[in-house]
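J.: fold the following and give me the result.
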Amino acid sequence: MNLTNMTRVLAGSAGLIGLIGSLGVCVSGAAAGPAAPTHAYIIEGSGFFGAPGIELATVGRVNLSDPSDVERFPIAGEFLRYGGADTAGDGLIAFENTTNSLRVLDPSIGGNTLVDSIGYMDSGVAGLSLGNDGRTTFITTTVGAFVRFVVADGVTGEVSSVHNILTNPISSLAVVPLGHPTLAAGDLYGLALTFGGGVRLVRIDLDTNSIASDLFVSGIGFNAQFETGLDFAPGGTLYATIQGFDEVSPNVFVEISSHLFMIDPVSGVGTDLGVIESNQTWDAVTLVIDEGAIVKCKADLTGDGTLDFFDISAFLTAFANQDPVADFTDDGAFDFFDISAFLTAFGNGCP
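T.: The predicted model follows:
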């Protein structure tokens, strides 16, 4: 069946609405509330092993209980290298270190909005985290033999201070949230990569430009490389994505897709939760815990907080026009499988 005929069938009384009715799905307006923090956003890193400057800039949303379950979102900007991000209102604020700029990403539609250039950085390993005030932004990259930290306003991009610390490359940052059970709220942590492929969890003191604590992270199981991410869940659990390689024979290396870890910030013990989307490589350069403020219910295509006939109509229109929003299987094709996926999402309702 071609696209035109399929659309006609779906638009008829025995089409999509009839299918929904046969499945017992109510279209009278189910509430579409915010999602619980059971997922995290990741941004694709280097598309070529050993070439960290060539980027795909794909955003994904990984299931924290099943890292192989990754939902893809539209491209966030081709050939841009995002090094670290955090939640910011209805989007993600990220540091893009080929242009040394802060940009706001909207995972639901792709693309990015420039905040401002902050300068001071070299292209390479990078990280970003927002302070608990939701505005102060901490950004890091490795510059020569030291690590540079820039503190900037996440709304205006205005730089307030610059700090240089002689230490191992730091690839990601996370600020301790308010109410953490064991750590001091507002403290800044990062993942430091050693030249031997090890990982260390460090606490950074920007008042003294020093590393206040340094803890070896155990349980990685492979040589860590450049692409990593770090973030605290609201309840205090520390998650990380770590990508790396193994030398299978002299000078022969095999790339390892990012694994999702939980890290105990007191003992340094890392628990491997599994490989992220094991059927392909994800070099996650950032990890952002989804607190439910960004992605709305997928089937709520009108964005009004309810699932009803208007969402069905919006899907039919998008499907007929081959709009990417109707590609519910994320395979680039528009076929019955997208219709089935939409029916499933609609039938499942929203959290």
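J.: so where do the helices sit in this protein?
T.: Taking DSSP state H as the test, the helices found in the chain are 3-11, 16-22, 309-320, 336-348.
J.: select from the ones you listed the stretch with the lowest mean pLDDT.
T.: Comparing mean pLDDT across the helices of the chain, the weakest is helix 3-11, with a mean of 46.
J.: got any ranges where the chain has weak pLDDT?
T.: Residue ranges of the chain with pLDDT under 70: 1-37, 45-56, 123-124, 226, 278-281, 292-297, 303-305, 330, 350-351.
J.: domain-wise, how is it divided?
T.: 39-289, 299-351 (automatic domain parsing).
J.: start to end distance for the first one?
T.: The first and final residues of domain 39-289 sit 6 Å from each other (C-alpha to C-alpha, to the nearest Å).
J.: just how off-centre is that domain within its chain?
T.: 9 Å (C-alpha atoms, centre = their mean, to the nearest Å).
J.: before we move on, the earlier item: just the domains of the chain: most buried one?
T.: domain 39-289 (a mean of 19; mean count of other C-beta atoms under 10 Å). C-beta here means a position set from N, CA and C on the backbone, and glycine is covered the same way.
J.: check the gap between T237 and I276 for me.
T.: In this view, T237 and I276 are 17 Å apart by C-beta to C-beta, to the nearest Å.
J.: surely P177 and L238 touch.
T.: No. With contact defined as C-beta atoms under 8 Å, P177 does not reach L238; the gap is 10.3 Å.
J.: overlap in contacts, those two.
T.: Each of F232 lies in contact with both P177 and L238 under the rule C-beta atoms under 8 Å, 6 or more residues apart in numbering.
J.: which ones are touching D86?
T.: L92, I93, A94, L128, S129, L130, T137, D231, V288.
J.: quick one: residues contacting the fourth one.
T.: It stands for L128. Taking C-beta under 8 Å, 6+ apart as the criterion, L128 is in contact with 83-86, 93-95, 137-140, 173, 286.
J.: which of those fall within strands?
T.: Taking DSSP state E, the ones among those that sit in strands are 83-86, 93-95, 137-140, 173, 286.
J.: could you check how far Y189 is from D335?
T.: To D335, Y189 is 46 Å away according to C-beta to C-beta.
J.: could I get the ones in strands among the contacts of L128 in JSON lines, plus columns for distance to S161?
T.: Putting the ones in strands among the contacts of L128 into JSON lines (distance: C-beta to C-beta, whole Å) gives the following:
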{"residue": "G83", "distance to S161": "19"}
{"residue": "G84", "distance to S161": "18"}
{"residue": "A85", "distance to S161": "21"}
{"residue": "D86", "distance to S161": "18"}
{"residue": "I93", "distance to S161": "18"}
{"residue": "A94", "distance to S161": "20"}
{"residue": "F95", "distance to S161": "16"}
{"residue": "T137", "distance to S161": "12"}
{"residue": "F138", "distance to S161": "10"}
{"residue": "I139", "distance to S161": "11"}
{"residue": "T140", "distance to S161": "13"}
{"residue": "L173", "distance to S161": "15"}
{"residue": "T286", "distance to S161": "23"}
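J.: need the max-distance pair from those residues.
T.: Based on C-beta to C-beta, the longest span within those runs between I93 and T140 and measures 14.7 Å.
J.: ramachandran coordinates for N132?
T.: Note on N132: its backbone torsions stand at phi -70, psi -10 [degrees, to the nearest 10].
J.: and of the ones in strands among the contacts of L128, the nearest to A76?
T.: Among the ones in strands among the contacts of L128, and counting by C-beta to C-beta, the member closest to A76 is A94, at 7.9 Å.
J.: pull the contacting residues for the closest one.
T.: 43, 76, 82-86, 102-105, 112, 128, 286.
J.: with adjacent residues omitted, what lies nearest to it?
T.: Leaving aside its chain neighbours, A94 sits nearest to A85 (3.8 Å; criterion: C-beta to C-beta, 6 or more residues apart in numbering).
J.: how near is the one you found to I165?
T.: To I165, A85 is 22 Å away according to C-beta to C-beta.
J.: what's the answer for D133, then?
T.: Taking C-beta to C-beta as the measure, D133 falls 23 Å from I165.
J.: using CSV, list the CA coordinates for stretch 313-331.
T.: The C-alpha coordinates for stretch 313-331 follow below in CSV (Å, rounded to 0.1, in the frame of the first residue of the first chain):
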residue,chain,number,x,y,z
SER,A,313,-5.3,14.4,13.4
ALA,A,314,-1.8,15.8,13.9
PHE,A,315,-0.3,12.4,13.4
LEU,A,316,-2.3,11.8,10.2
THR,A,317,-1.2,15.2,8.8
ALA,A,318,2.5,14.6,9.7
PHE,A,319,2.4,11.1,8.3
ALA,A,320,0.9,12.3,5.0
ASN,A,321,3.6,15.0,4.8
GLN,A,322,6.4,12.6,5.8
ASP,A,323,7.2,14.9,8.7
PRO,A,324,9.9,13.4,10.9
VAL,A,325,7.6,13.8,13.9
ALA,A,326,5.6,11.0,12.5
ASP,A,327,8.6,8.7,12.2
PHE,A,328,7.8,6.9,15.5
THR,A,329,10.3,4.1,14.7
ASP,A,330,13.1,6.5,14.0
ASP,A,331,14.1,4.5,10.9
